[in-house]
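Participant: here is the input, now give the coordinates:
(2 chains)
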Protein chains: 2
Amino acid sequence: MSDTKAMVQRVLKHNGGKIDSIYFTACGGSLVDMYVSYYFLQAESKKITTGWYTANEFVHVTPKKMGKNSIVFVVSHSGNTPESVEAARVAQERGALTIGLTFNDKADLLKYSDEKIVYEWGNEKEVVHNPMAIMLDMTTQLMAGIEGYDKLPAFKDGFDKIDTIVDNAIEQVQPRTKAFADKYASEKMFYVLGSGPSFGHAYGFAICSLMEMQWLDAAPIHSGEYFHGPFEVTDKNRPYIVIESVGRTRALDGRALKFLHKYAAKVEVVDAKELGLDMIDSDVAEYFSPILFYTILSEYRAKLADKRDHSLDVRRYMGKVPY
Amino acid sequence: MSDTKAMVQRVLKHNGGKIDSIYFTACGGSLVDMYVSYYFLQAESKKITTGWYTANEFVHVTPKKMGKNSIVFVVSHSGNTPESVEAARVAQERGALTIGLTFNDKADLLKYSDEKIVYEWGNEKEVVHNPMAIMLDMTTQLMAGIEGYDKLPAFKDGFDKIDTIVDNAIEQVQPRTKAFADKYASEKMFYVLGSGPSFGHAYGFAICSLMEMQWLDAAPIHSGEYFHGPFEVTDKNRPYIVIESVGRTRALDGRALKFLHKYAAKVEVVDAKELGLDMIDSDVAEYFSPILFYTILSEYRAKLADKRDHSLDVRRYMGKVPY
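Facilitator: Residues are numbered from 1 along each chain as shown, chains lettered A, B, ... in the order given. Sure, this is the predicted structure:
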């Protein structure tokens, strides 16, 4: 685990220790990586206001509360996403403490980051170095420092175990990801269902993996919303990918799955429990679901890309035309 | 306008006036109607914590902060949506003051509602009686009571004008909604783009109007996120509906539109400014965008349903099979 303890201690001293809000802002896949930390604060904090914003909305409609009492996380993998750099600049100008995370040590983002994290990337088996894990770890520590939180030891234990769990799960899903690619290679549209801390990755798999990297149509659906509109399109032809979390919202995913197993025929389940996430303390395991899902879904998309002969790296607009 | 002033004054006395949070929870279309009020508080409040939850997630992962210092809005059109009724019960049990909104004066929801609003429905030209407008009006008043807010007169003026604006806009869009239905009747999948306070209705049009009522595939995309993944599917064949707000996020919608006009061929624009919303004070007009969009998008879906000969009222699962 990247050791962020000293950084967290510095951050907690911002504005004489008077911190009442922690915001998360980025674009696309980086925004997805922030969802679990935002969700954690929404669920667990008794004092901290939080928000999760696509960077350009944060820039144009900056929350009135955001200011000297605020911490603002900003992530940009390339480090130069203009909206994200501008979000960090605006946050700093208002007196917030900014924490910038990027893969690029020459990033423009770092000019407006009071605290700087240049993360590692590319080793799917060491997820604790990913920005998602780093931010979740820091957020739990920050909340503990601001208002107290008695589950930090359970989180530490989870971070100690997560790399092994993910490593085993990658092995475990090899046959099924190949079978998935064989079965679904000619599909044009996917629904992706998830809930709780993992809803961000239902969204992320739809917009980044399927739309951006495979030029496939996709829609994310919250498992709890499925029965309030979206389920009416369900039939034997439409493919569904359900990421089944552990923890408190597992019941929501399970309810959707029960319905899908009856009325749909193309249902792929990615079950965090079956993939070993219940090795983590059940008090906090749900917050590790998205960390597991990210890597496992990356296996799914890699096999799909191979089978479809559509490289994950090919783009027609991003970085190629003006926008 | 439903006169909610006396109710707001009672609500402000809850817990001796110590209110630090306002939550919104419901399912599907009712959840959509809450988005603008939630968004307003996220943007404008300096003190109030807020949250917007599909009801079953609120029930299973009730925010720790939600309790006696909280106001919780719950909406269920039928009044008996089990998850929403349970959400109101949980909120009340924790000591929150609950405000229940429903069309059904015998609703189970009302059993767990400290304040009860049985709204009118069906008159598309008197939108001020819709739950969306009622909640927005109450939320602005509540914020004014809790921390002060100097734009209430502008809001009042907006509510005075909105019915006329919507009425005129309905007339104005008759030819174009018919042309839309003619052009798009055989499409199978739509993308719906929006931003700011109107993003809720991009989501709502996708899940309620297209998926639930027309059994068509659909995906909502935030205009600000479009360039960070979703735009890679854009081509001359995929249809896009863009709801272009007035106000601070109009720039985000406009940027997406500029790109779409270049790389897509099937683009329908619903422009709040062209439809008269700039008659409202520019300080608050953006918050009226979703009220206008709801009614205008209802015209679009009605024409599409006619042309496709698929009644808006037909369901295959909802209320017909167990789930």
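Participant: ok, residue A:247 - contacts?
Facilitator: The contact partners of residue A:247, taken as CB atoms under 8 Å, 6 or more residues apart in numbering or on different chains, are A:196, A:197, A:282, A:285, A:286, A:287, A:289. (C-beta placed from N, C-alpha, C; glycine too.)
Participant: and the residues you listed, which of them are buried?
Facilitator: Using 16 or more other CB atoms under 10 Å in any protein chain shown as the burial test, the contacts of residue A:247 include A:196, A:197, A:285, A:286, A:287, A:289 as buried.
Participant: so what's the residue count around the single nearest residue of the stretch 101-250 of chain A relative to chain B?
Facilitator: Taking CB to the nearest CB, chain B has its nearest neighbour within the stretch 101-250 of chain A at residue A:228, 2.8 Å off. By other CB atoms under 10 Å in any protein chain shown, 26 other residues sit near residue A:228.
Participant: ok, now the one 3 residues further on?
Facilitator: Other residues lying near residue A:231 total 25 when counted by other CB under 10 Å.
Participant: which residues touch it?
Facilitator: For residue A:231, the contact set (CB under 8 Å, 6+ apart) comprises A:256, A:259, A:263, B:317, B:318, B:323.
Participant: one more time with 6 Å, if that's ok
Facilitator: residue B:317 (CB atoms under 6 Å, 6 or more residues apart in numbering or on different chains).
Participant: what bridges to residue A:217?
Facilitator: residue A:189 (DSSP bridges).
Participant: quick one: the strands in chain A?
Facilitator: Listed in chain order, the strands of chain A (DSSP state E) span A:21-26, A:49-54, A:70-75, A:97-102, A:115-118, A:189-194, A:217-222, A:239-244, A:266-271.
Participant: what comes into contact with the first one?
Facilitator: By that I understand strand A:21-26. Strand A:21-26 has contacts (CB under 6 Å, 6+ apart) with A:34, A:38, A:48-53, A:55, A:58, A:65-66, A:70-75, A:84, A:87.
Participant: output it as PDB, restricted to C-alpha atoms.
Facilitator: Extracted in PDB, the C-alpha atoms of strand A:21-26 (Å, rounded to 0.1, in the frame of the first residue of the first chain):
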ATOM      1  CA  SER A  21     -16.400  18.700   3.400                       C
ATOM      2  CA  ILE A  22     -14.600  16.400   1.100                       C
ATOM      3  CA  TYR A  23     -15.300  16.600  -2.700                       C
ATOM      4  CA  PHE A  24     -14.300  14.300  -5.600                       C
ATOM      5  CA  THR A  25     -14.100  15.500  -9.100                       C
ATOM      6  CA  ALA A  26     -12.700  14.100 -12.300                       C
END
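Participant: turn the contacts of residue A:247 into TSV, including distance to residue B:44 and pLDDT.
Facilitator: Conversion of the contacts of residue A:247 to TSV gives the following (distance: CB to CB, whole Å; pLDDT from 0 to 100):
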residue	distance to residue B:44	pLDDT
A:196	28	98
A:197	28	98
A:282	39	97
A:285	37	98
A:286	32	98
A:287	30	98
A:289	33	97
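Participant: inside helices: which ones of those residues?
Facilitator: With DSSP state H as the criterion, helices contain residue A:289 from among these.
Participant: of the contacts of residue A:247, closest to chain B?
Facilitator: Taking CB to the nearest CB as the measure, chain B lies nearest residue A:196 of the contacts of residue A:247, at 6.4 Å.
Participant: was I right to think the closest one contacts residue A:249?
Facilitator: Yes. Using CB atoms under 6 Å, residue A:196 makes contact with residue A:249 at a distance of 3.2 Å.
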